[in-house]
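Engineer: Starting from these lines, generate the structure:
(chains A and B)
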Amino acid sequence: MTQSTQNRTTGRLMVVPALMVVAVFSLYPAMDSFLLSLYSKFPGPERSFVGLGNYLELFHDPVAHQAFVVTLGFVLLSTTLELLLGTGIALVIHERFKGRGWVRAAVLIPWAIPTVVASQMWRFLLNDQYGAVNAILFGDQVDAYVPWLADPWMAFGAIVLADVWKTSSFAGLLILAGLQVIPDETYDAARIDGATAWQRFWHITLPLLKPALLTALLFRTIDAFRVFDLVFVMTQGGPGDATQVLQFYGYKTLFTEGRVGYGTTISVTVFVAIAILSLFYVRTVGTKLMQREPA
Amino acid sequence: MAGLALRHIEKTFGRTRVLHDVSLEAGDGEFVVLLGPSGCGKSTLLRIIAGLEPQTRGSVNIGGLCVDTLSPSNRDIAMVFQHYALYPHMTVRENLAFGLKMRGEPKPVIEERIAETAALLEIHDLLGRKPKELSGGQQQRVAMGRAIVRKPKLFLFDEPLSNLDARLRASMRVELKKLHRRLGTTMIYVTHDQAEAMTLGHTIAVMNHGRIQQIGRPDEIYHEPVNPFVAWFIGNPPMNLFEGSYRLHQQDLELCAGDLTLRVPFQAHDLAGADSGTATLGVRPEDVTFEPPGSRHVAVSGTIDLIEHLGGDAVVYLIVKGQPLVARPSPVLREHAGDSVTAYMKKIHLFINENRIPVPSS
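Structural biologist: Alright, predicted model coming up:
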């Protein structure tokens, strides 16, 4: 055996434990879920093979269509707002000012709170009877209190708001990292070239921030696409189906209605959608990121 | 085109004062080099001229106009940065065009200026490339192009050659000199490299600890340094300096530095001050020979510690009564390391209280 083949064999042996963990905890459940999605199955031992029947049903399911639209709306709105707000946060905490360290830490607090806790907090805040939002807005005028989470649009707005509140700082952190690698000299050159503050932002900061913005976009879209806990705690998909995102619909079908096969089909669909999205990002944006040298 | 006048510039960062009462003038079309070790405040001074940093006190005049309240873009200057500061996401053409575009120049004018500059710097082939696709030398050219294309009144250079290798630096130095001759614009050039300063500058301002030590022509600075710092900082290898106590005699001045005693021919009336005290005596390595030169010289005997052969000549490291003495004799000597020799110092520089005292030389 030559030295290099021996090295290769040792190397392969070394990654076996890690591969086993991935196989047992990721690959097997994913494959099993995919198999399960090919069956009509309810709680209990029986199941019957339906092939792609569940997928066909999903394709024609109006509730699933609605859930897809809600999910897409949530992804678009929350990621857009998070990137905008994140950029704002990053620009502020990038500046030198007294107490910047404290501000940076404070900005990150929402992100550090577990989502379930944050969602519960927002549910309390928006409660129609004892919620702080109503108390602040209307004080003693109890008649004017708004049942925020009972209105379809406002409930949708509420989950977007909670998500934006919680994760903008994370986007901000990623964007801040991007800001920090832009050298001061570049801005000095632009000032001498006659660029105003706005022109410097538009022609220098923003283009040079693109890799960081794309990274933030990647993380945030994938995260938003598989949103579940926020909806589970705050609205349970309601009122009606107004905030029912795909993941929650899958959960409800599987655990509440007991349609194990169909519920799994929804999960697998979300999984595949995220996988395609990730692959697309990694292939297009990712390679561009890798090629890009630091400024 | 215009000159530059700095009057009593002071700068403090918090409690640290980095510039002390700096005054400097550059005539129209003059090439002035700010030379000093790192941290001496030369780059800060350049940034103050550019308007990138406000001065604490004093005023900046460009072309007879006080520019203290003007933003960098309104001072009609261009700056070449140490790390080039090219816009990495723009092509070379866009880099050159950016400043003109920001000033609202019409497109045909921009195109014409870019063509002119590209021809001048021979960067035509690079116009479509991004900075990361260029070598260090090419980036340097583009950075200069970006400065030239705007046709400013004043060019500022912040150690522009320090990131290039030695060979490229030497050739860029020559090109820069030619460029200055062609453009005839006033240039202020910051460097810590005395070879750059000596070859490029009409005038050199030597700085240390935030103060200008001496302003003069390169040969003045070299031959008549006003204080030990300038004497030591200019020249390679640096000037030999001996610090010790002196005593004036009838015909000479005696300096004791450790075990070494030097007697320099000197007329007492050349020195208005005290008959004794502390002084620094300096001699350039080029002025140390191993053959008696003329009538006026100081002879010392010592041993050769090390010889560095540099091809055409050699640097000889001597130990003279426990003190190091560096010589750069010409023609090349026949002695070897370990040999005992007599060395002759022909041109002596004398500094008392940090000031130059003229000594008659051979």
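Engineer: Against B:V190, how distant is B:F13?
Structural biologist: The gap separating B:F13 from B:V190 is 18 Å, by C-beta to C-beta, to the nearest Å. Every residue, glycine included, has its C-beta placed from N, CA and C.
Engineer: the more surrounded of those two?
Structural biologist: B:V190 (28 against 11; other C-beta atoms under 10 Å in any protein chain shown).
Engineer: So which residues on chain B come close to chain A?
Structural biologist: When proximity is defined as C-beta under 8 Å from any C-beta of the partner chain, chain B approaches chain A at B:47, B:50, B:52, B:71-73, B:77-79, B:81-83, B:85-89, B:98-99, B:102-103, B:132, B:146, B:150.
Engineer: Buried ones among those?
Structural biologist: Buried members of the residues of chain B next to chain A, counted by 16 or more other C-beta atoms under 10 Å in any protein chain shown: B:47, B:50, B:52, B:72-73, B:77-79, B:81-82, B:85-89, B:98-99, B:102, B:146, B:150.
Engineer: So, low pLDDT: which residues of the chain?
Structural biologist: Picking chain A for this. Applying pLDDT under 70 to chain A picks out residues A:1, A:285-295.
Engineer: right idea, wrong chain: chain B
Structural biologist: B:1-2, B:267-273, B:295, B:331-333, B:360-362.
Engineer: go with 80
Structural biologist: B:1-2, B:250-251, B:265-276, B:292-297, B:311-312, B:330-335, B:358-362 (pLDDT under 80).
Engineer: which residue ranges form the helices in it?
Structural biologist: B:42-50, B:92-102, B:107-121, B:136-148, B:166-183, B:194-200, B:218-223, B:228-233 (DSSP state H).
Engineer: Next, the angle from the second one to helix B:107-121.
Structural biologist: Spelled out, that is helix B:92-102. Here helix B:92-102 runs at an angle of 130 degrees relative to helix B:107-121 (axes from the mean of the first three to the mean of the last three C-alpha atoms, to 10 degrees).
Engineer: Can you tell me which helices and strands helix B:92-102 packs against?
Structural biologist: In this structure, helix B:92-102 makes packing contacts with helix B:107-121, helix B:136-148, judged by 3 or more C-beta pairs under 8 Å, 6 or more residues apart in numbering or on different chains; DSSP states H and E.
Engineer: Equivalent analysis for the longest one, please.
Structural biologist: Packed against helix B:166-183, as judged by 3+ C-beta pairs under 8 Å, 6+ apart, are the following elements: helix B:136-148, helix B:194-200.
Engineer: now those in JSON lines, with distance to A:G73?
Structural biologist: Shown next, in JSON lines, are those (distance: least, C-beta to C-beta, whole Å):
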{"stretch": "helix B:136-148", "distance to A:G73": "46"}
{"stretch": "helix B:194-200", "distance to A:G73": "62"}
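Engineer: which of those is buried the deepest?
Structural biologist: Stretch with highest mean neighbour count among the helices and strands packed on helix B:166-183: helix B:136-148 (a mean of 23; mean count of other C-beta atoms under 10 Å in any protein chain shown).
Engineer: So what angle separates the directions of that helix and helix B:107-121?
Structural biologist: 140 degrees.
Engineer: Just give me the residue right at the centre of chain A.
Structural biologist: A:D223 (2.0 Å; C-alpha atoms, centre = their mean).
Engineer: tally of neighbours for residue 248?
Structural biologist: Went with chain A since none was named. 24.
Engineer: Oops, wrong one, chain B.
Structural biologist: B:L248 has 18 nearby residues by other C-beta under 10 Å.
Engineer: now do A:G99
Structural biologist: Neighbour tally, A:G99, other C-beta under 10 Å: 8.
Engineer: where along chain A do the strands fall?
Structural biologist: Secondary structure of chain A, counting by DSSP state E: strands at A:39-41, A:47-49.
Engineer: Give me the sheet partners of the first one and which way each runs.
Structural biologist: Looking back up the chat, that one is strand A:39-41. strand A:47-49 (antiparallel) (DSSP bridges).
Engineer: distance between the strand it pairs with and the chain's centre?
Structural biologist: On the basis of C-alpha atoms, centre = their mean, to the nearest Å, strand A:47-49 sits 34 Å off its chain's mean C-alpha point.
Engineer: so what's A:D128 up against?
Structural biologist: Contacts for A:D128 (C-beta atoms under 8 Å, 6 or more residues apart in numbering or on different chains) come out as A:134, A:145-150.
Engineer: switch the cut-off to 6 Å
Structural biologist: By C-beta atoms under 6 Å, 6 or more residues apart in numbering or on different chains, the contact set of A:D128 is A:145, A:147.
Engineer: Next, find the distance separating it from chain B.
Structural biologist: In this view, A:D128 and chain B are 50 Å apart by C-beta to the nearest C-beta, to the nearest Å.
Engineer: Next up, phi/psi of that residue, please.
Structural biologist: With angles defined as degrees, to the nearest 10, A:D128 sits at phi -70, psi -20.
Engineer: Check what contacts stretch B:297-308 and list those residues.
Structural biologist: B:262, B:264, B:314-320, B:335, B:337, B:339-340, B:342-346, B:362.
Engineer: Would you write a ChimeraX line that selects the buried entries of those?
Structural biologist: Selection of buried members from these for ChimeraX, criterion 16+ other C-beta under 10 Å:
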select /B:262,264,314,315,316,317,318,320,335,343,344,345,346
